[in-house]
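Can you look at this prediction? I've put the sequence above it.
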Amino acid sequence: MTPVNCLDKTDEEIVLLTHEEEEYFACLIKRYEKRLLVYIKRLADLKIDEAEDILQETFIKTFYNLNDFDAGLKFSAWIYRIAHNETINFLRRNKIRATVFLTDEEWQKIAVDVDIKEKAGQKIDAEKIRNLLDKMEQKYQDVLVLKFLEGYDYKEISDILQKPMGTIATLIGRA
Amino acid sequence: MDIDAEKIWQKIKQAQIKPVARETFIWKRALLWLLCVASLIISSLTTAIIIFLLRNIDWDIANRFSSSKFLFAFLTVPYFWLVLLFIFAVTVYYNYRHTKYGYRLKISVIILIFLFLNLIFGGLAYELDWGHKIEEVISKKISFYTHLDTQSQIWSRTEKGLLAGKVMGFEKGQVILLDLQNKVWYLSSHSNLQLINLQVGEKIKIIGSQTGDNEFLVQEMRPWCGCNRCFSGNAFCGLDTANKNSCAGGGCEH
């Protein structure tokens, strides 16, 4: 990979630089490859080569549509949106049902986050959360993963899933 | 879970993938907005037509159909235009939703904004008499419109004493009328039809009774464009013969 220096630059700055010198896009690939692969794997119980194919397609689409990105969005929200759409398209094409695939630690993290918010003080364990999430519709799974595991705020989730912020709040509340 | 970033970048380079030009996205977005605005304008004109049609319903003839005014209202609802309005409303929503940040507004907010703008522009177009003018052009240019227009349907019920059409000429104290289905009628009256200052080519509505295969006895005449009342100056209304065109906001001359 061409050694361009981009460590001290923001994503948005790298996008601008990519318009002048395409090699800069490699920085974005490096920066997001692992995060996005984890995210794709979380959305569905896919084989690693399937997840990598989706990841590759995500970066190709991102590069192809790079001129469509503008400062109104955070780059991370934009590329997560592309990854999300690519994953959903893959699942539909292959008629695979989306089921959240998390490690035990991730289940525990959601359980803890939800438990903190539980006003009644009722203890909710990871196993219970796992069972509930498995039964949830995909739209609820999506917001929970983005909120509790990816750490995005409502506006960013709204930009990733292309739904109004109020709807995101409602979905999280219901979930 | 380690993936080779270099492999992805090489694939992009080998496939000679290039970012789509910025102008392409600008044009695409501009087209979406253009379609959105165009749909809003057309839907507003549709609303103007609907207001015009609703304001010109002849409520006084309701008893010829049924004792219930609600049933008459049901018969006279301009379904064709309402369906068209719905289609354009969906088009506005679809195009807006696909603009860059179209997803940020809730559907209920988009609907409220649409209704607000639609009523403002539609009301304005109605005040400018565009609703009437467009409806008239369509009824002239599109032959099947008569079958879709509920007003035309109602005023073609000769068995209920309702007739409408265009004045074609005068003959021996009778008015020759071409109805909405292109059938020729001879109109007569116990009063003197000559008292009404009708003009050839004028579109009118008539209340009366069928007396023969193509003969109709007139009790009352109205301008087609509505007003829900007789011609001012209509002998059958018992008024004088002045100002027959004064009732329809400038639209009764046709």
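Done, it's in. The structure presented is a predicted model; accordingly, all values stated were derived computationally and were not measured.

Only C-alpha atoms from now on, for both contacts and neighbour counts.
Fine.

Quickly check: the top helix by length along chain B near chain A or not.
Longest helix in chain B by number of residues (criterion: DSSP state H): helix B:22-55. Yes. Using Cα under 8 Å from any Cα of the partner chain, helix B:22-55 reaches chain A at B:R22, B:F25.

In terms of secondary structure, what does that helix contact?
If you count contacts as 3 or more Cα pairs under 8 Å, 6 or more residues apart in numbering or on different chains; DSSP states H and E, helix B:22-55 packs onto helix B:79-97, helix B:107-127, helix B:130-141.

For the next helix or strand after the shortest one, what is the distance to the chain centroid?
Going down the chain from helix B:130-141, the next helix or strand is helix B:145-148, by DSSP states H and E. The offset between the C-alpha centroid of helix B:145-148 and the centroid of the whole chain comes to 11 Å, using Cα atoms, centre = their mean, to the nearest Å.

what's in contact with helix B:145-148?
Surrounding helix B:145-148, the residues in contact under the criterion Cα atoms under 8 Å, 6 or more residues apart in numbering or on different chains are B:F80, B:I138, B:S139, B:S152, B:Q153, B:L180.

Pull the number of nearby residues for residue 163.
By default, I'm working from chain A. 18 (other Cα atoms under 10 Å in any protein chain shown).

try again with chain B
27.

Contacts only, for it.
So B:L163 contacts B:W155, B:S156, B:R157, B:D179, B:K205, B:I206, B:I207, B:G208 (Cα under 8 Å, 6+ apart).

quick one: which helix or strand includes it?
Applying DSSP H and E, one finds B:L163 within strand B:162-171.

Please apply the same query to B:W9.
Counting by DSSP H and E, B:W9 is part of helix B:5-14.

Which parts of that helix count as buried, going by neighbours?
Within helix B:5-14, the residues scored as buried using 16 or more other Cα atoms under 10 Å in any protein chain shown are B:A5, B:I8, B:W9, B:I12.

Any idea which helix or strand in chain A has the lowest mean pLDDT?
Every helix and strand in chain A was compared by mean pLDDT, DSSP states H and E; the lowest is helix A:104-117, with a mean of 65.

For chain A, what's the nearest residue on the stretch 151-254 of chain B?
B:Q151 (42.8 Å; Cα to the nearest Cα).

let me fix that: the stretch 101-250 of chain B
B:R104 (4.3 Å).

List the contacts of that residue.
A:S158, A:D159, A:Q162, A:K163, A:P164, A:M165.

7 Å instead, please
Shown in contact with B:R104 (Cα atoms under 7 Å, 6 or more residues apart in numbering or on different chains): A:K163, A:P164, A:M165.

re the thing from before, report the two of the contacts of B:L163 separated the most.
B:D179 and B:G208 (14.3 Å; Cα to Cα).

ok now the next helix or strand after the longest helix of chain B, how far from the chain's centre?
Next helix or strand after helix B:22-55 toward the C-terminus (DSSP H and E): helix B:69-76. Distance, stretch centre to chain centre, for helix B:69-76: 17 Å (Cα atoms, centre = their mean).

Any buried residues in helix B:69-76, and which?
Here helix B:69-76 shows B:F72, B:L75, B:T76 as buried, counting by 16+ other Cα under 10 Å.

tell me the angle that helix makes with helix B:22-55.
On the basis of axes from the mean of the first three to the mean of the last three Cα atoms, to 10 degrees, helix B:69-76 is oriented at 140 degrees to helix B:22-55.

which strands and helices sit next to helix B:69-76?
Judged by 3 or more Cα pairs under 7 Å, 6 or more residues apart in numbering or on different chains; DSSP states H and E, helix B:69-76 has no packing partners among the helices and strands.

Spell out which residues belonging to the stretch 101-250 of chain B are near chain A, please.
Taking Cα under 7 Å from any Cα of the partner chain as the test, the list of the stretch 101-250 of chain B residues beside chain A reads B:Y103, B:R104, B:L105, B:K106.

what about the nearest residue to B:K160 once chain neighbours are set aside, neighbour count?
Take B:K160 and drop its neighbours on the chain: the residue closest to it by Cα to Cα, 6 or more residues apart in numbering or on different chains is B:R64, 6.5 Å away. Using other Cα under 10 Å, B:R64 has 11 other residues around it.

What separation do you get for B:R64 and B:W155?
11 Å (Cα to Cα, to the nearest Å).

how about the strand holding B:L163: buried residues?
Going by 16+ other Cα under 10 Å, strand B:162-171 has these buried residues: B:L162, B:L163, B:A164, B:G165, B:K166, B:V167, B:M168, B:G169, B:F170.

can I assume B:W185 sits in a strand?
Yes. Under DSSP: H, G, I helix; E, B strand; the rest coil, B:W185 falls within a strand.

unless I'm mixing things up, it is touching B:E171, no?
No. Using Cα atoms under 7 Å, B:W185 makes no contact with B:E171, being 11.6 Å away.
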